[in-house]
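A.B. asks: here is my input; please provide its structure:
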Amino acid sequence: MNVIKVNNITKHYLLGSQKVEALRGVTFGIRQGEFIAIMGPSGSGKSTLMNIIGCLDSPTNGTYHLNNKEVSTLEGDELAGIRNREIGFVFQNFHLLARNSALDNVMLPLKYAGFNRDDQLKKARETLSKVGLESRMNHQPSELSGGQQQRVAIARALVNNPSILFADEPTGNLDSQTGHDVMQLFHNLHQQGQTIILITHENEIAAEAQRVIYIKDGLIESDIKKDKV
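C.D. replies: This is a model prediction of the structure:
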């Protein structure tokens, strides 16, 4: 089953009187449980595509279906609602609240989703344990290593059981060994059935994915699937 189905997506911007074509007709599907890397040079349209399939922006033309629901025509609160229910985000800079504990950071999406406090605590603790941080739940980000902070960010992204885990350069601020450990965590999540979309400019990181989509000049230049990860 396709979790994501993108058909002939275009995206145009106006810079003054000049029209910039960031995406020029992109079509692909992503099946449930796939582990995909999206690559492309600066200015390729990679970030624009990420924003559209992450429900942060809408295309100019074309259709985008997420779990068989067309979301390409949604805006504002409707788009935000789909995003909050269906997609978990992990960023290069972690984006944790500095004065909150790891537990509080992971509870935050559950609070916004309307869970009561007991359920927030239960689900957040379970998810932090899942990423190996059961002993660091009450520590603030400043008391955690970079790798531990990224694990908190991954737990926060996972706590609402999203259809898709979206990771934007997740090892970019980590040393090579810590980056390897984080990638191993992604592999573990993939083996448990999680759909993962990884945005990266690093060939070594992209090589760990099951499939690599390469974007250039607003178009898909290649889409290569490997037999095994």
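A.B. asks: ok, how many other residues are close to K19?
C.D. replies: 10 (other C-beta atoms under 10 Å). In short, each C-beta sits where N, CA and C put it, glycine included.
A.B. asks: for T48, see how far away it is.
C.D. replies: K19 is 14 Å from T48, where distance means C-beta to C-beta, to the nearest Å.
A.B. asks: what do you get for P41?
C.D. replies: From P41 across to T48, the span is 13 Å (C-beta to C-beta).
A.B. asks: those two: which is more packed in?
C.D. replies: For the pair P41 and T48, the greater number of neighbours falls to T48 (23 against 12), based on other C-beta under 10 Å.
A.B. asks: any idea what the nearest residue to F28 once chain neighbours are set aside is bridged to?
C.D. replies: Computed as C-beta to C-beta, 6 or more residues apart in numbering, the closest residue to F28 that is not its neighbour in sequence is V6, at 5.6 Å. Taking DSSP bridges as the rule, V6 bridges to F28, Y64.
A.B. asks: return the residues in contact with V6.
C.D. replies: By C-beta atoms under 8 Å, 6 or more residues apart in numbering, the contact list for V6 reads 26-29, 52-53, 62-65.
A.B. asks: avg pLDDT for the biggest helix by length in the chain?
C.D. replies: As assigned by DSSP state H, the longest helix anywhere in the chain is helix 176-191. Over the span of helix 176-191, the pLDDT mean works out to 92.
A.B. asks: ok, now stretch 46-54?
C.D. replies: In this model, stretch 46-54 has an average pLDDT of 90.
A.B. asks: likewise stretch 71-86?
C.D. replies: In this model, stretch 71-86 has a mean pLDDT of 87.
A.B. asks: chain center to it: distance?
C.D. replies: Averaging C-alpha positions (C-alpha atoms, centre = their mean, to the nearest Å) puts stretch 71-86 15 Å from its chain's average.
A.B. asks: again, but for stretch 76-90
C.D. replies: If you compare the mean C-alpha spot of stretch 76-90 with that of the full chain, they lie 11 Å apart, counting by C-alpha atoms, centre = their mean.
A.B. asks: and it, what's buried?
C.D. replies: Taking 16 or more other C-beta atoms under 10 Å as the basis for neighbour counts, the residues of stretch 76-90 that come out buried are 79, 82-83, 86-90.
A.B. asks: beyond the worst-scoring helix or strand of the chain on mean pLDDT, next helix or strand please.
C.D. replies: Least confident helix or strand of the chain, by mean pLDDT, DSSP states H and E, is helix 76-86 with a mean of 86. Tracing the chain past helix 76-86, the next element assigned as helix or strand by DSSP states H and E is strand 87-91.
A.B. asks: give the other helices and strands that that following strand contacts.
C.D. replies: When contacts are defined as 3 or more C-beta pairs under 8 Å, 6 or more residues apart in numbering; DSSP states H and E, strand 87-91 sits against helix 146-158, strand 164-168.
A.B. asks: can you lay out these as TSV showing mean pLDDT and mean neighbour count?
C.D. replies: Supplementary listing: the helices and strands packed on strand 87-91 in TSV, determined by pLDDT from 0 to 100; neighbours: other C-beta atoms under 10 Å:
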stretch	mean pLDDT	mean neighbour count
helix 146-158	95	24
strand 164-168	93	23
